[in-house]
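Enquirer: Sequence first, predicted coordinates after that:
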Amino acid sequence: MFFSGDPTSRKRVALGGRSSKERDTQKLMEQTRMERDRRLWQRKQNAAAIIIQKCFRGRKAAKAERAKVREQFLSRYGSYCQNTDRCCFCADSDYLRQLFFFFNARNAGDYTVLVETCRGMLNLVRDNVNIVSLFAGVDYLAVHALVDHRVKNLAYICILSLYQNRQQLLVPDAESVMQSTVLLEAVAALIDPKLPWACKTVSYLCHRNVFALFREIVLAERENVKTSSSTGKQSGVEHILGFMISHTGQNSCTCPNVDPQFSFSSQMLTVPFLWKFSPSLKGVFSTLGLSQHYIHQMSLCLQNHANLLPGDISAEYPGYACLLGNILEAAGVTLSQPACPFEMAIDLAAVTTFLLEALPPIKSSTQKAKEDAAMIEEDVDSGDDIQIALDADLERQIISSIDSRFMLQLINILFGGISSVGDDRSVVAIGAACAFLHVTFNTLPIERIMTVLAYRTELVRVLWEFMKNCHDNKRWSSLPEHLSLVPGDAPGWLLPLAVFCPVYKHMLMIVDNEEFYEQERPLSLRDIRSLIVILRQALWQLLWVNPTHPNASAKTALRGNTSKQNPYEFVRNKVSIVASELLSQLQDWNNRREFAPPSDFHADGVDDFFISQAVIDGTKANEIMKLAPFLIPFTSRVKIFNSQLVAIKQRHGPHGVFARNRFRIRRDHILEDAYNQMSALSEEDLRGLIRVTFVNELGVEEAGIDGGGIFKDFMENITRAAFDVQYGLFKETVDHLLYPNPGSGLIHEQHLQFFHFLGSLLAKAMFEGILVDIPFATFFLSKLKQKFNYLNDLPSLDPELYRHLIFLKHYQGDIAGLELYFVIVNNEYGEQTEEELLPGGRNLRVTNENVITFIHLVSNHRLNFQIRQQSSHFLRGFQQLIQKDWIDMFNEHELQLLISGSLESLDVDDLLTHANYAGGYHKEHYVIDMFWDVIKGFSLENQKKFLKFVTGCSRGPLLGFKYLEPLFCIQRAAGNASDEALDRLPTSATCMNLLKLPPYRSKEQMEAKLLYAINAEAGFDLS
């Protein structure tokens, strides 16, 4: 109203929001859009209604027209076509045109008309009427288009009618059987390969998916096997399918390719046990060119093949398993034919590998029992994965098809054409063979086929030459990715090792010592040294450098990650296991007779950090220690073992200061007293300190306080007495090595309890670090590792029996003439008993075919079966103190060292280096110089006696006297050097590893006094 002095105009702000005019515009546009959409939808509905009405009216009109034509047809030709003649099939006749127009396979009347039409055609053909002339007259070429069309439709509606009326096959009567037979014979006559329209007709039927119709027909007939086999209908289906599959794939065939989803392979080969119901069809399919064509077609669509298969009949009959069974059964016939091509074997290996990989593992009863035991022992969580169980008959079909004959033929064809290892052809063959065998090993029971692969094929030689060539050239050829189950950038040695290791390992279980060491078969010792390097480097790469499961063992990972989930990871874990098993086996052979330095088995990367990690559960180093301990030097493993013992003792520390267990042992009844008192101890008490007081022959307690030395003396004496062969619990081999006496039960009623006690006794010695002089046989030490013994272990037990078995193995004549049977005679203390090696063995003669089985059954009986009870009870007692994981770190040879120390002479220089002096003695003292000269001049036996005199044990520490606790010490005795003082004998304090030595004036006097003291066997009375 009044001028405020501000010349600018004030902005007007609408506090009510957007104007009503703007809102009205937006609303109008939205309403317009909705109206437009409604009109569009209305137009679509009207158009659809018109189409539906048009279709309905058309169908109604067609139905009426078909009914009209059907009525005219029946009135003219009769309900049973009784008014027909050969002119009805001519090109200018309306008979077939009308039939095709009104025919409905579900109409019973139409079905009858079709049957009678086919019957009439067959009768004319049987009356020597040429079928081409019947349909085309005198000039086929002039009317071939019309004739071809009619023949194709006639054949198709015959098959369609069989499909639509297939339920009649379940409850057949004579009439329905006859009708279906007529239709099948008519189709067979129409597609005869000699006819000019055969190619076009078969092509038309394939594109109309008749294999899917035939599948349902065959499945319906399969429900009534008795009817199928007695009526001959199945032979009619076989006849038609035989014509169709033999036509497709021939060189003269011009048919376009059929959709793989509806091909013969997808539809018919997925019928369970197809060949059982169609044996003649199997013969047709198995012909060389035909099976090669179909298997090649399957290999082309390999990766998508599982999605192309029809729905499974049931969970027990998955399509891929049925397809696999039928392919394998037919392939066995194909491979046996001469000149089977290399390409066929490659395609077959690829297809079967793909299908086998999808198969759930099929294990033998023995494998199932072992895996169940392992799962229980390791308490592995199986998760929520539920494996589908195949039908037992289907499993048998697959297993029986991949038999030794199949393996022999397939591998020989794959490797037969290899001229030089390393070229493209050999790489393809090796990739196909390794992929197939790897999946087979992990899916099927392999006991029956492993010997054939090892001894009757070139598998080991070819794979070794391939690996050796690649290793020498430092370049590994990449296997074809579509054949090898692993990525193209995976190490080239991975899959060959996955197959080579288990096969060569199986060979080593069968081969004898002469073949391995003297004849150097199957590999030379030089090649084996190279193999050791390859295996060692591969294991170190897989387990330490680039592990897939840094916090899980390979065996656990193998169970938790199936090949279906991650094939590459599965192969890595499998190689880790089989390579470690083979390398361990090669180390056993090297321990029997050294052909490679022990350091060849040691990985290059083992350092102090690795050792520190190895004692920690869950680390990579700890898992390597469990899976491949031989990669770590023996001395390092002994340190780890000792550290584990120390850790256990520290956990039981509260009972370690004061011994709760005191034994009073009579020297002349040491075994009985020790058995009675030690057997009463609990496992916890066994881990604690035990103090011993000896009672001499006069019933007087010996002088001396047990600070550990008397207990060591007790352990050495008790083990010498208990393991003495005179006591009857153990026997000696020809090399004076100990093993349980199979006849111990004839001598001691409680022999098994004694074996349990002896196992605890040996474990206590190892637990306390006391070396005992007990030379065990290698095959018995295997029992502490829960390992199985084989033929090559037999020479250490019975070399004469071993020679006889090897004679049988290489016998060139007829072994049946030797009159041997599957029985063995046991002779214990003059009592002979006869045992069967197999059920019914008394009546089963040894022949050239089963002699290898006989040899290994005899070896198993002597090495494993006879001492099974004694070994089992010994092991139970042993494992009270020594865990299985600790023992698994060592092989049998190393385990003997762990028990008894080195068999070599006592290292006096090492004892001198780590000796201490007291009471006025020092390193340069003349008495000390005389002392060491005297000790070095002792025999080995006297040196061991001296060591026992001062330490309580005749053997030094395993890793040297540096680890003797406390260190050996020489203390001056008899302060003055009077004659009376110098006449004293040297004494010792074994608990302190202390020698009290008077200052003798001469070497002769010192030697005489020392020899008297160490040979007096006066117990601790000298103290």
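Expert: On my side now, so go ahead.
Enquirer: Provide a complete list of residue ranges assigned to strands in this structure.
Expert: Counting by DSSP state E, the segments of the chain that form strands are 661-666, 690-695, 730-732, 738-740, 823-828, 831-836, 916-918, 969-972, 987-989, 994-997.
Enquirer: if we compare those, which one ends up closest to Ser93?
Expert: Closest approach to Ser93 among these (Cβ to Cβ): strand 831-836, 79.7 Å. C-beta: built from backbone N, CA, C; applies to glycine.
Enquirer: quick check: angle from that closest one to strand 823-828?
Expert: Here strand 831-836 runs at an angle of 160 degrees relative to strand 823-828 (axes from the mean of the first three to the mean of the last three Cα atoms, to 10 degrees).
Enquirer: now strand 831-836, how far from the chain's geometric center?
Expert: 37 Å (Cα atoms, centre = their mean, to the nearest Å).
Enquirer: Count residues in the vicinity of the residue nearest to Asp885 when sequence neighbours are not counted, would you?
Expert: Spatial nearest neighbour of Asp885, chain neighbours left out: Lys626 (6.4 Å); criterion: Cβ to Cβ, 6 or more residues apart in numbering. Neighbour count for Lys626, taken as other Cβ atoms under 10 Å: 16.
Enquirer: What average pLDDT does stretch 315-332 get?
Expert: When pLDDT is averaged over stretch 315-332, the result is 93.
Enquirer: Next: stretch 82-91.
Expert: What stretch 82-91 shows for mean pLDDT is 90.
Enquirer: Kindly report the same for stretch 747-765.
Expert: Here the average pLDDT along stretch 747-765 is 93.
Enquirer: related to what we said a few turns ago, the residue nearest to Asp885 touches Lys884, doesn't it?
Expert: No: counting by Cβ atoms under 8 Å, Lys626 sits too far from Lys884 to count as a contact (10.2 Å).
Enquirer: quick one on the thing from earlier: let's have the strands of the chain in JSON lines, adding distance to Glu458.
Expert: Supplementary listing: the strands of the chain in JSON lines, determined by distance: least, Cβ to Cβ, whole Å:
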{"stretch": "strand 661-666", "distance to Glu458": "63"}
{"stretch": "strand 690-695", "distance to Glu458": "61"}
{"stretch": "strand 730-732", "distance to Glu458": "44"}
{"stretch": "strand 738-740", "distance to Glu458": "39"}
{"stretch": "strand 823-828", "distance to Glu458": "36"}
{"stretch": "strand 831-836", "distance to Glu458": "37"}
{"stretch": "strand 916-918", "distance to Glu458": "65"}
{"stretch": "strand 969-972", "distance to Glu458": "66"}
{"stretch": "strand 987-989", "distance to Glu458": "66"}
{"stretch": "strand 994-997", "distance to Glu458": "66"}
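Enquirer: which stretch among those comes nearest Met29?
Expert: Distance to Met29, taken as Cβ to Cβ, is lowest for strand 831-836 among those, at 99.0 Å.
Enquirer: what sits up against that closest one?
Expert: 743, 746, 822-826, 842, 861 (Cβ atoms under 8 Å, 6 or more residues apart in numbering).
Enquirer: out of those residues, which is most surrounded?
Expert: Ranking the contacts of strand 831-836 using other Cβ under 10 Å puts Phe822 first, with 21 neighbours.
Enquirer: roughly how far apart are Ile413 and Leu335?
Expert: 7 Å (Cβ to Cβ, to the nearest Å).
Enquirer: before we move on, what about Pro567?
Expert: Distance from Pro567 to Leu335, by Cβ to Cβ: 26 Å.
Enquirer: ok, now Leu205?
Expert: Leu205 is 30 Å from Leu335, by Cβ to Cβ.
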